[in-house]
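Engineer: Have a look at this prediction, sequence included:
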Amino acid sequence: MGFIGVGGRGTSNMKVLSGDPGVQPVAICDVDRASKETERRGLLQAKRALLDSFKEQGRPLAEGDLALYGDFRELVARGDIDAVSIATPDHWHGLTSIAAIKSGKDVYCEKPLANSIREGRAVCDAARRYGRVVQTGSHERSNDSVRYACELVRNGRIGKVKAIRVNLPTQDAGFQALRNAKPPQPAMPTPEGFDLEMWLGPSPWAPYHPDRCGPKWRYNLDTGGGEITDRGAHVLDLVQYVAGCDDTGPIELKAEGTAMDDGIHNCFLDFKFEYRYPNGIPVIGASEGNRGFKVEGETGWVFVNIHGGRLEASSQDLLRERIGPGEVHEQRTPGHHQDFLECVRTRRRPVAFHEIGHRTATVCHLINIALLTGRKIVWDPKAEQITNDPLVNRMVEKPMRAPWRI
């Protein structure tokens, strides 16, 4: 395996995937090399973390066994790599995934699958054309408790579903700091070992600033989608799953909120949204409450907490229900990363394969489009078009800075 983007989540994924005795890590790629292993998250620190992990396991791995790259194209060009893990910022997900797929690699890519609806469709088209296994990092989908909650709903334990309510709270200290940030945000010197041009890639050019190029990148809509595509991608992925809408999406959607404006960040921290699926189920969401979602039925309800999948219900008896042999049983997985590795070996479809990741990301992007425009969205999930406003429909695609393109 090769690993592209190893700042934080990428290093975690790398250690988990490489913990499988059948996985041999051979290459790591990141635009931030740093000058010392202890200086910043990036290439050298990730290499050291992996070497230390193998040493703890008593497995052989020498420094010479790991090739280091600053350009993902060099990594995916290698013919001895079967699969890659991608954990770059969102604006690189689509391009790196497609490049890896076209090079014959299977892909584990963090959520959201891509940073625009058109990019996501391009990833799916490539995966289908080249016959590659793609797993989106929507790891909550592999929780047994989540699968059980879905079984309760599918087998009528709460009656007909009336509505699903989504909570995406943004009140903790980290969000308050984002709210309190004020412009201007002056440019700062690019750190030694950091390739700013490659980090920006297809996004508009901007000067270096640690709040732009560091962990807060997701709160700039050029490189991420804020809370909607962060924890929202986890919650809304499970909403899609439980609602039985993995292969479709909303048909009507509206949203309102307040955007950040500190000179760098411009996403929405305070928001409300509502959409309706083709099967009639309404989804109502807001930036408050306990993170997760509540499925309300005619005779009861179940609440799924994110992260971890802890369940609450209208009665404790509901959570002790046994799913009988003649009822709907949802597939269990050995774990999200392990599911991917088993699918690489067996060529079966993972639980969060590319189409599922794309449909979930589409919901997230549509919410952000509705927030940005203040317009009601009428969406055709088959044609993947906004049908009530040709100008707004152009937002399903994000322009890319040359020379990058899908």
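Structural biologist: Everything's here; your move.
Engineer: need the contact list for residue 345.
Structural biologist: Contacts for residue 345 were tallied using CB atoms under 8 Å, 6 or more residues apart in numbering; they are residue 22. C-betas here are computed from N, CA, C, even on glycine.
Engineer: A strand includes it, no?
Structural biologist: No - per DSSP: H, G, I helix; E, B strand; the rest coil, residue 345 lies outside any strand segment and is helix.
Engineer: Distance of it relative to residue 20?
Structural biologist: Per CB to CB, to the nearest Å, residue 345 is found 10 Å from residue 20.
Engineer: residues contacting the residue nearest the centre of the chain?
Structural biologist: Centroid-nearest residue in the chain: residue 111, 1.2 Å away (criterion: CA atoms, centre = their mean). By CB under 8 Å, 6+ apart, the contact set of residue 111 is 136-138, 229, 233-234, 237, 357, 360-361.
Engineer: Turn the residues you listed into a markdown table, including pLDDT.
Structural biologist: Listed next are the contacts of residue 111 as a markdown table, based on pLDDT from 0 to 100:
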| residue | pLDDT |
| --- | --- |
| 136 | 98 |
| 137 | 97 |
| 138 | 97 |
| 229 | 98 |
| 233 | 98 |
| 234 | 98 |
| 237 | 98 |
| 357 | 98 |
| 360 | 98 |
| 361 | 98 |
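Engineer: Adding distance to residue 332 and secondary structure, write the residues you listed out as TSV.
Structural biologist: As requested, the contacts of residue 111 are exported to TSV (distance: CB to CB, whole Å; DSSP: H, G, I helix; E, B strand; the rest coil):
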residue	distance to residue 332	secondary structure
136	18	strand
137	18	coil
138	16	coil
229	27	coil
233	22	helix
234	19	helix
237	17	helix
357	20	helix
360	20	helix
361	24	helix
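Engineer: For the residues you listed, please prepare a markdown table with the additional fields distance to residue 204.
Structural biologist: Below are those laid out as a markdown table (distance: CB to CB, whole Å):
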| residue | distance to residue 204 |
| --- | --- |
| 136 | 26 |
| 137 | 26 |
| 138 | 28 |
| 229 | 18 |
| 233 | 23 |
| 234 | 28 |
| 237 | 28 |
| 357 | 25 |
| 360 | 26 |
| 361 | 21 |
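Engineer: between those, which is closest to residue 65?
Structural biologist: residue 137 (25.3 Å; CB to CB).
Engineer: which residues in the stretch 251-400 of the chain form helices?
Structural biologist: Taking DSSP state H, counting those that start in this stretch as the test, the helices found in the stretch 251-400 of the chain are 336-346, 354-373, 390-393.
Engineer: Just list what the last one packs against, helices and strands only.
Structural biologist: In this structure, helix 390-393 makes packing contacts with strand 385-386, judged by 3 or more CB pairs under 8 Å, 6 or more residues apart in numbering; DSSP states H and E.
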